[in-house]
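*Asks:* Sharing a model that was predicted from the sequence below.
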Amino acid sequence: MSMPPPPHSNIRFLHPINRLIALTFYMLLLQASRRSVAAFSTFTCLSSSALSRIPSATHSPSKKDEVRQHYFSFPSSRTSLADSITNPPSSTNKTINEFSTMAARDVQEDATVANYPTEMSEAERYLFDLNGFHIVRNVLTPEEVAACHAAINKNSDEAVPRSDPSLRNAIEGSPMYGSGPPRLDLGGIFEWGEVESRVFKSILAHPRLVPLFHGLLGKGYRLDHIPFVLMNNQGGEGFQLHGGTVDCTSGEYNSNLAYTCHNGNVRSNLLGCNVMLVDHNPGDGGFCIVPGSHKSNFKMPPGMVDGLAHNEYIIQPATKAGDVVLFSEGTVHGAMGWTSQTQRRCALYRFAPATVAYGRSYFQGNSGDDNNTMWPSKFYDNLNVAQKAVLEPPFANRLDRPNIRDDGSVEITQRSERKKQHDKDVFKTKYF
């Protein structure tokens, strides 16, 4: 950077005041030039030094990864998920045990999604209230999808076909029936051990999903059904339309699947959660839904539950492996026959608000006592505190229920010690 030339020698002929002004201007200009040179030098040195300390992008965890680690924290002795199973390559187009992960991702992740949101957005609330379902994109990474497939492959012999006529879910000749092969149901996904169950258990309190669970179910939400994996080979049977806050077949009000929205608060008594493990392209079949039917007041017209009439109102959402579809069980839904050559794989969960219960699996546990309010013991293995909170039985938040905070920690909501002592004095038990 060049220095300013010295003042012209004719400055001595200027008026004294003008001479003072000229000299002052020159000194200020000289000072500014020196500062610029110094700053430029410092910046150059600092940039070189700082750049040398920046780790490679392939080894630098993003903020999103840091949040994942907080939610998925386990003992330090745990080996990495990918290395523990198959050490999958980074390419999303590779095959794990000859099964495509089908998990497409953009090459560059937008910086705006580096942090998970901490509450349900206005757009998500509006779209769910409008349609009765919402698609959450890219919840699972390709590596997590690959881990799920590896676990399923290892345990696929345990899948139970719905081949008995009394178990068929669609009538022959309907779009839901397919070409005949029965659906395969694979349970036990929470009981396969530390490595194989890890991703499946992560859905309980996944940081991308928790704000939506809170927005649709409220704080203290809980797992209501035992999750399992749905599988269909090509031509496999789907499921005729069912559900509805007003039952789509009988027309009776179905309080178990109630959907409400009051003062900006959405609540669904039973929330379905489909974790898509393969791509569901348009026309592939699989999960289908009638948007807006959670607000319907009448049963469906003849033929519609089987897709034989008014099928233009039945949609099959296009999803990618790793996407999650959240839907109110009060929204009429089902599944089309599966047409893709890739085996359909979808993990199905159902969640409920803190005080609501549809299923009763949590009563059984392993003690042989029908009144034991515990899930099977292996459900609790290797859970963090947030995931464990979701396995609580139904009871009100004020009665010492653990609630998940935005950072993945848990707080206990409770009444005063005096009131709790009063209950103990009156009822001789800790809770009324």
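*Replies:* Done, it's in.
*Asks:* Can you name the residues that contact the residue lying closest to His242 once chain neighbours are set aside?
*Replies:* Counting by C-beta to C-beta, 6 or more residues apart in numbering, Gly334 is the residue found nearest to His242 once chain neighbours are left out, at 6.1 Å. Every residue, glycine included, has its C-beta placed from N, CA and C. Applying C-beta atoms under 8 Å, 6 or more residues apart in numbering to Gly334 gives the contacts 169-170, 176, 238-242, 288-289, 305, 307, 314.
*Asks:* at 10 Å what do you get?
*Replies:* When contacts are counted by C-beta atoms under 10 Å, 6 or more residues apart in numbering, Gly334 touches 169-170, 175-176, 238-243, 248, 286-290, 305-307, 314, 316.
*Asks:* That one and Arg398, how far apart?
*Replies:* Per C-beta to C-beta, to the nearest Å, Gly334 is found 38 Å from Arg398.
*Asks:* Then Glu172?
*Replies:* Separation of Glu172 from Arg398 (C-beta to C-beta): 52 Å.
*Asks:* Quickly list what the residue nearest to His242 is bridged to.
*Replies:* On the basis of DSSP bridges, Gly334 is bridged to Cys288.
*Asks:* Output stretch 304-317 as PDB - backbone C-alpha positions only.
*Replies:* Only the C-alpha atoms of stretch 304-317 are listed here, as PDB (Å, rounded to 0.1, in the frame of the first residue of the first chain):
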ATOM      1  CA  MET A 304     -63.800 -45.500  -1.000                       C
ATOM      2  CA  VAL A 305     -62.200 -47.400   1.900                       C
ATOM      3  CA  ASP A 306     -61.000 -50.000  -0.700                       C
ATOM      4  CA  GLY A 307     -59.800 -47.400  -3.200                       C
ATOM      5  CA  LEU A 308     -62.500 -48.400  -5.700                       C
ATOM      6  CA  ALA A 309     -64.200 -45.000  -5.600                       C
ATOM      7  CA  HIS A 310     -63.100 -41.400  -5.300                       C
ATOM      8  CA  ASN A 311     -59.500 -42.500  -5.300                       C
ATOM      9  CA  GLU A 312     -58.400 -39.100  -6.600                       C
ATOM     10  CA  TYR A 313     -58.800 -38.000  -3.000                       C
ATOM     11  CA  ILE A 314     -56.400 -40.700  -1.700                       C
ATOM     12  CA  ILE A 315     -52.700 -39.700  -2.000                       C
ATOM     13  CA  GLN A 316     -49.500 -41.700  -1.600                       C
ATOM     14  CA  PRO A 317     -46.900 -39.200  -0.400                       C
END
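*Asks:* quick check: mean pLDDT across stretch 272-280?
*Replies:* Stretch 272-280 comes out with an average pLDDT of 98.
*Asks:* Begin at 238 from now on, thanks
*Replies:* With 238 as the first residue, the last one maps to stretch 509-517.
*Asks:* Between its first and last residues, how far does that stretch reach?
*Replies:* End-to-end distance of stretch 509-517 (C-alpha to C-alpha, to the nearest Å): 17 Å.
*Asks:* nearest residue to Gly520 other than its sequence neighbours?
*Replies:* With C-beta to C-beta, 6+ apart as the criterion, Gly520 has its nearest non-adjacent residue at 6.5 Å, and that residue is Thr576.
*Asks:* Run a quick neighbour tally on that neighbour.
*Replies:* Applying other C-beta atoms under 10 Å, we find 17 residues neighbouring Thr576.
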